[in-house]
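Any chance you can model this:
(4 chains)
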There are 2 protein chains.
Amino acid sequence: MKIGELAKRSGLSAHTIRYYERIGLLPYADRDAGGRRDYDASILAWIAFLDRLKTTGMPIRDMLRYAELRAAGSRTGPERRALLEAHRDRVRAHLADLQACLLVLDTKIGGYAEAEKRTHPDDQSHPPDAGEPAGARTPRA
Amino acid sequence: MKIGELAKRSGLSAHTIRYYERIGLLPYADRDAGGRRDYDASILAWIAFLDRLKTTGMPIRDMLRYAELRAAGSRTGPERRALLEAHRDRVRAHLADLQACLLVLDTKIGGYAEAEKRTHPDDQSHPPDAGEPAGARTPRA
DNA sequence: CTAGGGGTTCGAGCGCGCTCGAAGTCAAGC
DNA sequence: GCTTGACTTCGAGCGCGCTCGAACCCCTAG
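Numbers count the residues shown, from 1 in each chain, chains lettered A, B, ... in the order given. Just a heads-up that it's a prediction; the model follows:
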């Protein structure tokens, strides 16, 4: 598989794939006779995993650490596990934060919905301001 | 309240508060006789709300849009609501992604845990490699 | 034989969200 | 009166994660 096809299949751009190789996130790819990268399909699984780490907000330097440990052999298993566990904990915490924020968002939206309901049927022009904190005008926005 | 105290109470740095004012995320604060910002406690609610938007990944330019709408008066309610609803949908989608990733992470960690269990009691030196995708060595890491 | 398209390396540039430092002002405490 | 320290403005710089363009190479199809 050439880099163009890997790009299509993985969702990364060819530029990004080369960048990842450069920094060590992807293994140095075998080159064909003409010096072009030629990938094995198995790389897709690794990229998919990196994608998940990215989605969950892991910084590249940590993915790099993980990749290094992998490269260093199976005796680094425990450290890799620890790294993933620490990350998992952060993700869980963030998830909880997000859920809490979602509730607030829902409440806020509910407030606006209410205001619209109150103002729409009888066409009032000065409806109350759906629960906004006072004093937060932005004059020079 | 001076900027230093607001910083303490809000968790933002004074630098960041000034930056937010500069770009329009925070209202232009009243100045005292000496030209220093003097804040009303109500600003804290607005900052807390911005924090939630930030936590949920809203880019500053969208917060800015929201702030502008607020400044434009109560008739912008529907548009603000729409903005928040669109954001909520994105957050929900991201939340679902995260949860899916968490499962994968758990599985992966489980794999490492297994490997450790298998390798530890009888002290093998070449345990199987906990479900890692093959061919993802990183030679020049 | 030539044109085209995809590949190569290298290094600069970008968008985001701050973060910081310099140089100056002002008010309160000793 | 002088020091201290929190404030002011302004503009530059940073860390992250790409993103892109230039200049060149090589293979294939027409």
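
Every contact and neighbour count from this point should use C-alpha atoms.
Will do.

any weak-confidence spans in chain A?
The model of chain A has pLDDT under 70 over residues A:121-141.

Could you list the domains of it?
A:1-55, A:57-123 (automatic domain parsing).

Tell me which stretches of chain A form helices.
With DSSP state H applied, chain A shows helices at A:3-10, A:14-23, A:43-55, A:60-71, A:77-119, listed in chain order.

roughly how far out does the second one sit from the chain middle?
Read that as helix A:14-23. Centroid separation for helix A:14-23 versus its chain: 18 Å, with C-alpha atoms, centre = their mean, to the nearest Å.

related to what we said a few turns ago, got the domains of chain A as CSV, with mean neighbour count and distance to B:Asp38 columns?
Output for the domains of chain A, formatted as CSV (neighbours: other C-alpha atoms under 10 Å in any protein chain shown; distance: least, C-alpha to C-alpha, whole Å):
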stretch, mean neighbour count, distance to B:Asp38
domain A:1-55, 16, 40
domain A:57-123, 16, 28
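
ok, the residue nearest to A:Asp40 when sequence neighbours are not counted - contacts?
Using C-alpha to C-alpha, 6 or more residues apart in numbering or on different chains and skipping the chain neighbours, the partner closest in space to A:Asp40 is A:Met1 (6.4 Å). Counting by C-alpha atoms under 8 Å, 6 or more residues apart in numbering or on different chains, A:Met1 touches A:38-41.

so of those residues, which ones are in strands?
Nothing among the contacts of A:Met1 maps onto strands, per DSSP state E.

what subset of those is also close to DNA strand C?
Among these, no residue lies close to DNA strand C (C-alpha under 7 Å from any atom of the strand).

Out of those residues, which comes closest to DNA strand D?
A:Asp38 (12.6 Å; C-alpha to the nearest atom of the strand).

Quick check: residues of chain A near DNA strand D?
Counting by C-alpha under 7 Å from any atom of the strand, chain A sits next to DNA strand D at A:13, A:15-16, A:19, A:33-35, A:54, A:58-61.

ok so, going back, with distance to B:Ile23 as extra columns, can I get the domains of chain A in a markdown table?
Formatted as a markdown table, these follow (distance: least, C-alpha to C-alpha, whole Å):
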| stretch | distance to B:Ile23 |
| --- | --- |
| domain A:1-55 | 29 |
| domain A:57-123 | 23 |
